[in-house]
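Undergrad: With the sequence up front, the predicted model follows.
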Amino acid sequence: MKKGISRRTLFKGAPFFLLQGCALVSSKGMNKSDMTIFPSYEKGTFKYLSSPETRVIHTLCLGCNARCGIKAFSRDGKIETVTGNPYHPYNTLGQPISLETPLEKSLKISGSVCGKAKEISNYVFSPYRILMPLKRVGKRGEGKFEPIEWERLITEIVNGGRLFSHLGEDRHVPGLKDLLSDESIDPDAPELGPKRNGFCFMTGRLQHGRKAFIDRFVKYAFGSVNRIGHTDICGLGFRMGNYAFTEGEAVELKADPWSAKYIIIFGANVYEALQPGLNTYGATLAKRARNGDLKFVIVDPRAQKASAHAHRWVPIRPGQDGAFALGIIRWLIENKRFNRQYLEAPNRQAALELGNGAYVNATHLVVWDENDPRHGKFLRLGDVSSDVSKEEKDHFVVVKKGGDELVSYIEVKCAELNVDKYIEDGEGKRIRVRSAFNIMQEGVFEHSIEDYARFSGVDKETIEEVAREFSDHAPYASVCQYHGAGNYVNGTYAAYAVAALNALSGSLGRKGGYITSGGGLSSWKKGSYDLLNFQGKRKPRGIKISREKADYRDSTEYRKKQSSGEKTYPATRPWFPFTKGGLSVEALSGIDTKYPYPITALFLYFFNPVYSIPGGNRFKATLSDPDKVPLLVSIDIGINESNIYADYIIPDITYAEGHYGWLSPHAPAFKFTAVRTPIIEPITPKTRDGRPICLETFLIDLAEAMNLPGFGQNAIPGKDSRVYPLKQAEDFYLRGFSNIAENANLRCDDTEAIEFVERNYPVSKYKAILTKEEWRRVCVLLSRGGLFSPYENCFWGEAFKYGPKRFTIYNEGLSDTVCSITGRRFYGSLRYVPPINQGDPDFPFTLISYKQALHTQSRTIWHKVALELHPQNFVLMNQGDAARLKLRDGDLVWVKSRSNRDGVVGELRTTWTIRPGTVAISISYGHKGLGASSLKIRNAKHVMLGGETVTQGDIVISDQSLGKGINPNELSDLDYDFGNTPLIDLVGGIPDFSSTCVRVEPV
Ligand code: SF4
């Protein structure tokens, strides 16, 4: 088939990107039996198509948040197995089959998935899944519940009342309806917003699709600002580095593993975790390293599995990634081994000519005069000349290369890099100006390479050798940083320095460099259906309970202190004007201290903060206190360490049953919109009108009971001026799919795709929601699991087409931000800021945590095979340290910290593959919930999916194997300065995973 012909027939007026390789095959010319490939096709060719009843669905995994594609096989409501979707780049090391490949042919091709994905059935059908809505019948946290009828559940949550008086709780529980008021939540502090903000909805494992649905309810129908994500515990540290480096434009950047030649990997567990997952990113590194195309260096206190293939393992001291990066940067500058030509390019056009899609602001001048109100701000053309147009006024200013002339940054292709001089501004005032590079260099040169070696615990020679190798491979030398690189107090500056290495090598915005993803291929938001807007849509306003993106200086608290002559600093708790956000830890600390206002209703969605937050145990007291959390509701699939405190638990469905969604790639590279659809029908019971009990049904019914806009009969405006209903999940998601298909100009006569989807996909039963034509287009989208564009389409030659166009080694916004605790401005460039762990003779080891390949954070404890292979975790310690303490492999040991002096007991595993002075404990074990402890639930056998296998009368019998091992988060240090809540970084609100000091004693 000629490519051009099929593409023209598939996409009517297809946009350019689609013509670049996103076309789907025409089924013309295939006979009927070719198309009824499923099941007649399978005999002897595909072992999983074992019967005519077997269904095949291309959808997305959520075994972890890497969300690779999957080709799922189901039969009779059970999942037989999953393999990788060969159309998806994440299952094929970045080289998927073309979307034009017929479905029939694709069935013979299996992409790769990791071991976690294969446990889908163990997860979905865990006997400890709950099936019925529950209401608490004991004290919070006691683990006593009873099923509650759906209509009553909705009424009680909406209206409140004396809901627990039969338990002796003499209080009126506020209902959600009580919060539907535009009066100020604190009349003395109107900036905090309306009473609606007393509703806080915290999200754990959230995906695009459901995120839009939840935001629709919380923000735009209810009108609360408090939909709080969990970016902080997910890896805010490295994201803050990128946030500073890109002026907040993008936080997801990584080394391009498909074309890089040298990658320094900071705190990213590439063979066991990461996004894209180990079967994508890690496997690509392994393959290219084996072929000699790539060298990679692992910077990690623990020799993670990838160290076996690494060019080097650098066993860095925990929390000192910044010192190591700064040592390299200093060496590169001193030895003139950085990419000067790239840094001298003052604008994007100049960078493009060098093969980079983005430039660095290294040459841009900054006013440096403490007596000038512009101190720390970029010099603008309007500052030095009045003879400029309105547009030119705000242009940055550079010194033309080889001279003294000040010019607009867009006027020249090359500018002076290292500038520190006095100039006359437009009004004749003499001011000092410095280039961003000059300021950065000063910060870097505050310490010698010897100092950086001492701080990081990496010898000077290694720093120099890595720096030399990095320089040798430039511009194909970049870094991959993740959770470990900055998730600790002061991690913003560490991750900023790590990210800035890419400026020195010139790898920004280019193939083999430090890049974002290419984004999505087609939008769900608008098309025939407007899924963003609706009549009565609210604009949430006010300050989030986490104080993210809010400045303390704008608060009534600050103004009151100021006018009364009180000391304005510190604020009661930190505020975070300069952050990516998603501050779940600080939100819970705010709830605990009712600061800046008390909340009334807290919903937890797939979120287990007590288990997953370092020091999360601290929040048991918060969640169990009805004064701090008057109404606590959880939406989840099981009863965990956090929702055991809930007043109500709403059983949800898993990703196999209906976490509909549309997802774009993780960094780096690629451009796609992948879609998630159910593999099987939901296994939760149905409401009276036949909808499955799940998140969406719950929110729709709450909304209808409160008459909120955007839900119910007249909810979704159509382009045709009609308003469509939102009464079930599919009303929303199918219209989102339809918009995606329509915006991509997918054809609607692909018979093979339509037959494939209608025969195999459970979602087909909702096809009447769409017009015939819309549904047919959606079938084309669903049949391949989304729309995917090849890697090469992300580049013009070497230059990356997408992502930020400018990177900053001096950040004006950061320099302009005042710390709400100290009252001092943050430093606007690279600088060594030591971690708070300065050693403690009583607690001589530093604790770190990590993930294993077969586990994610918490829910994978239901993965039976993983549990059989690794029934518990261990306390990893260097053999030399163990010998000094006279401890041996297999000993039971106490691990104690300053904040947990009672400690936890674990089994010691000694190894040479961990830095001396460090103790590592993997996450995922040490559960108290999710089946690890018994519960009392009325009618338990009908509540638990395992029925009588896990219940005895009203008792849910625990499975001790689910509770084995220890949870390192139980040891994490708390902050004594702020009410013993978990430690956080004052710039971005990063929780601390690497500063806790512990001691290890024999049991
Ligand atoms: S890495 Fe594994 S568990 Fe995670 S999404 Fe990919 S296949 Fe699924």
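TA: Structure received. Numbers count the residues shown, from 1 in each chain.
Undergrad: Residue 905 falls within a strand, correct?
TA: Yes. Under DSSP: H, G, I helix; E, B strand; the rest coil, residue 905 sits within a strand.
Undergrad: give me every residue that touches it.
TA: Applying CB atoms under 8 Å, 6 or more residues apart in numbering to residue 905 gives the contacts 892-895, 966, 1003. C-beta coordinates here come from the backbone N, C-alpha and C atoms, glycine included.
Undergrad: Determine which two of those residues are furthest apart.
TA: 966 and 1003 (12.5 Å; CB to CB).
Undergrad: can you redo the contacts of residue 905 as TSV with secondary structure?
TA: Shown next, in TSV, are the contacts of residue 905 (three-state DSSP):
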residue	secondary structure
892	strand
893	strand
894	strand
895	strand
966	coil
1003	coil
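Undergrad: Could you rank those residues by neighbour count and give me the top one?
TA: Compared across the contacts of residue 905, residue 895 has the highest neighbour count, 25 neighbours, by other CB atoms under 10 Å.
Undergrad: bridging residues for that residue?
TA: residue 904, residue 1000 (DSSP bridges).
Undergrad: Quick check: it touching residue 904?
TA: Yes. The criterion here is CB atoms under 8 Å, and residue 895 meets it with residue 904 at 5.6 Å.
Undergrad: Quickly list what's touching both of the two.
TA: 966, 971.
Undergrad: so which residue of the stretch 201-350 of the chain comes closest to the ligand?
TA: Using CB to the nearest ligand atom, the closest approach of the stretch 201-350 of the chain to the ligand is made by residue 277 at 2.5 Å.
Undergrad: Without its sequence neighbours, what residue ends up closest to that residue?
TA: residue 66 (3.0 Å; CB to CB, 6 or more residues apart in numbering).
Undergrad: List the contacts of the one you found.
TA: 90, 274-278, 280, 666.
Undergrad: May I see the residues you listed arranged in a markdown table, with neighbour count, pLDDT and secondary structure as well?
TA: As requested, those are exported to a markdown table (neighbours: other CB atoms under 10 Å; pLDDT from 0 to 100; DSSP: H, G, I helix; E, B strand; the rest coil):
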| residue | neighbour count | pLDDT | secondary structure |
| --- | --- | --- | --- |
| 90 | 31 | 97 | helix |
| 274 | 25 | 93 | coil |
| 275 | 21 | 93 | coil |
| 276 | 25 | 96 | coil |
| 277 | 28 | 93 | coil |
| 278 | 25 | 92 | helix |
| 280 | 28 | 95 | helix |
| 666 | 21 | 96 | coil |
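Undergrad: and of the contacts of residue 905, the nearest to residue 168?
TA: residue 966 (35.7 Å).
Undergrad: Next, give phi and psi for the closest one.
TA: phi -130, psi 160 (degrees, to the nearest 10).
Undergrad: Offset the numbering so it begins at 35, please.
TA: With 35 as the first residue, the last one maps to residue 1000.
Undergrad: Settle this for me: it is touching residue 960, isn't it.
TA: Yes. In this structure, residue 1000 is within contact of residue 960 by CB under 8 Å, at 4.1 Å.
Undergrad: who touches both of the two?
TA: Joint contacts of residue 1000 and residue 960 (CB under 8 Å, 6+ apart) are 907, 938.
Undergrad: In a helix, residue 737, correct?
TA: Yes. Residue 737: assigned to a helix according to three-state DSSP.
Undergrad: So it is in contact with residue 254, correct?
TA: No. Contact between residue 737 and residue 254 fails when scored by CB under 8 Å: they sit 10.7 Å apart.
Undergrad: Just list the residues touching residue 980, thanks.
TA: Residue 980 is in contact with 160-163, counting by CB under 8 Å, 6+ apart.
Undergrad: My guess is residue 567 contacts residue 751. True?
TA: Yes. Using CB under 8 Å, residue 567 is in contact with residue 751, at 6.6 Å.
Undergrad: ranges for the strands of the stretch 135-284 of the chain?
TA: Under the criterion DSSP state E, counting those that start in this stretch, the stretch 135-284 of the chain carries strands at the ranges 168-170, 178-181, 194-195, 207-208, 233-237, 261-262.
Undergrad: show me the contacts for residue 800.
TA: 762, 764, 768.
Undergrad: try 7 Å this time
TA: Taking CB atoms under 7 Å, 6 or more residues apart in numbering, we find residue 800 in contact with 764, 768.
Undergrad: what's the pLDDT at it?
TA: With respect to pLDDT, residue 800 scores 98.
Undergrad: SS state for residue 775?
TA: Per three-state DSSP, residue 775 ends up helix.
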